[in-house]
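# Take this sequence and fold it.
(chains A and B)
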Amino acid sequence: MLKPYVCVACEKVIVAAPDNVASLIGLFNKIIIAVAPGTEIPKNAVTPKEWAIFTIFDTEPGDELKEYVHFVQILYPDKTQFAEVSKNKIAVELNKRAQISVQVLGFPIGQRGKYTVRVWVEENQQMVVGPIEFTMELEIGKPPEKTP
Amino acid sequence: MPYTCPVCGYPNLPGPPRDYEICPSCGTEFEYHDARRSHIELRQLWAGRDAPWHSIVVAPPVGWNPWMQMIRAGYGGDVPRFVIDLRLQADAIVEMREWKSGAQLHGVPSLAFT
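This next block holds a predicted model:
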């Protein structure tokens, strides 16, 4: 059975070939945005911003024969779902950890507060790992002051 | 094999974007709407109307977000911009310390296992 080892949000994941050594850049759990004064942000607004959800699982012999599917869901602070659920097969090799990086190309900005990232693994449409949850906070701050 | 709408980026068009195929997401009827307007113009018009789901027959996918759909299709340049500054924070305390044994930490000899 897969065992979660790492599950984090970061700005970028760089994987060095040929050994698949992953480097995580910019682990974060809060986004502070500024908008022009008087701007009303629509509920479904998104800011283009690349980030990733990176997960590592420890494996055990026999896992390489199973078909595991990795799911990621992002929830708004009011617990409604943002965008579609991400669904990817997990490639498992004998005696190797399984690493999966899900790249997200935008960040929802329609609600301030804590967004939830929920990750789980299914086998034969049954949840077998998770859900693993962590939160990320969106704060809407003041625009930066201009320096003379 | 599904096709991608060249106007809004909807990735599940059942047919190629021609022959009066209608995109359920943005409502573009190909070879009709795009006969006189470019795909970019149609996209900007749709985005200007807050990018509503068009079809009343085909339901949008759960959690559907038009802006994410556009960004994923490479049309992020037409997504309305609200943010003028963005900062990421770790909201954490980080301590970079040397590995120390309990004895070093508490100033007492370490216990020997006999």
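
# residue boundaries of the strands in chain B?
B:83-89 (DSSP state E).

# Look up the closest residue to the residue most central in space within it, ignoring the ones flanking it.
By C-alpha atoms, centre = their mean, the mean C-alpha position of chain B lies nearest to B:Met68, the distance being 3.0 Å. Excluding the flanking residues, the one nearest B:Met68 by C-beta to C-beta, 6 or more residues apart in numbering or on different chains is A:Ala83, at 4.7 Å. C-betas here are computed from N, CA, C, even on glycine.

# List the residues that contact the one you found.
A:Ile74, A:Pro108, B:Gly63, B:Trp64, B:Asn65, B:Met68 (C-beta atoms under 8 Å, 6 or more residues apart in numbering or on different chains).

# just A:Arg118 next, same as before
Neighbours of A:Arg118 in contact, by C-beta under 8 Å, 6+ apart: A:Val72, A:Gln73, A:Ile74, A:Leu75, A:Gly130, A:Pro131, A:Ile132, A:Glu133.

# if I look at the residue nearest to the centre of chain B, how far off is B:Leu45?
Taking C-beta to C-beta, to the nearest Å as the measure, B:Met68 falls 19 Å from B:Leu45.

# wait, doesn't the residue nearest to the centre of chain B sit right on A:Phe107?
No: at 9.9 Å, B:Met68 does not count as touching A:Phe107 under the criterion of C-beta atoms under 8 Å.

# how near is A:Val13 to A:Phe134?
16 Å.

# if you count what's nearby, which of the two comes out ahead?
Taking other C-beta atoms under 10 Å in any protein chain shown, A:Val13 and A:Phe134 do not tie; A:Val13 has more neighbours (19 against 15).

# Might one say that the more buried one is in contact with A:Ala52?
Yes: taking contacts as C-beta under 8 Å, A:Val13 lies within contact range of A:Ala52: 5.0 Å.

# sorry, back to before: overlap in contacts, B:Met68 and A:Phe107.
With C-beta under 8 Å, 6+ apart, B:Met68 and A:Phe107 have common neighbours A:Val46.

# Overlap of the contact sets of A:Val13 and A:Ala52?
A:Ser101, A:Gln103.

# list the buried ones in stretch A:117-125?
For stretch A:117-125, a neighbour-count test (16 or more other C-beta atoms under 10 Å in any protein chain shown) marks A:Val117, A:Arg118, A:Val119, A:Trp120, A:Val121, A:Glu122, A:Glu123 as buried.

# Name the SS class of the second one, please.
When the structure is split into helix, strand and coil by DSSP: H, G, I helix; E, B strand; the rest coil, A:Arg118 lands in strand.

# From A:Ala52, how far out is it?
For A:Arg118, the distance to A:Ala52 - C-beta to C-beta - is 16 Å.

# which residues touch A:Ile33?
Here A:Ile33 is in contact with A:Thr47, A:Ile109, A:Leu138, A:Glu139, A:Ile140, A:Gly141, B:Val83, B:Asp85, B:Leu86, B:Arg87 (criterion: C-beta under 8 Å, 6+ apart).

# Beta-bridge partners for it, please?
A:Ile140, B:Leu86 (DSSP bridges).

# Next: A:Leu24.
A:Val13.

# Contact residues of chain B facing chain A?
Where chain B comes near chain A, counting by C-beta under 8 Å from any C-beta of the partner chain, the residues are B:50, B:61-68, B:71-72, B:76, B:79-92.

# coming back round to it: closest to A:Ile56 out of the contacts of A:Arg118?
A:Ile132 (11.5 Å; C-beta to C-beta).

# what helix or strand is the closest one on?
strand A:126-141 (DSSP states H and E).
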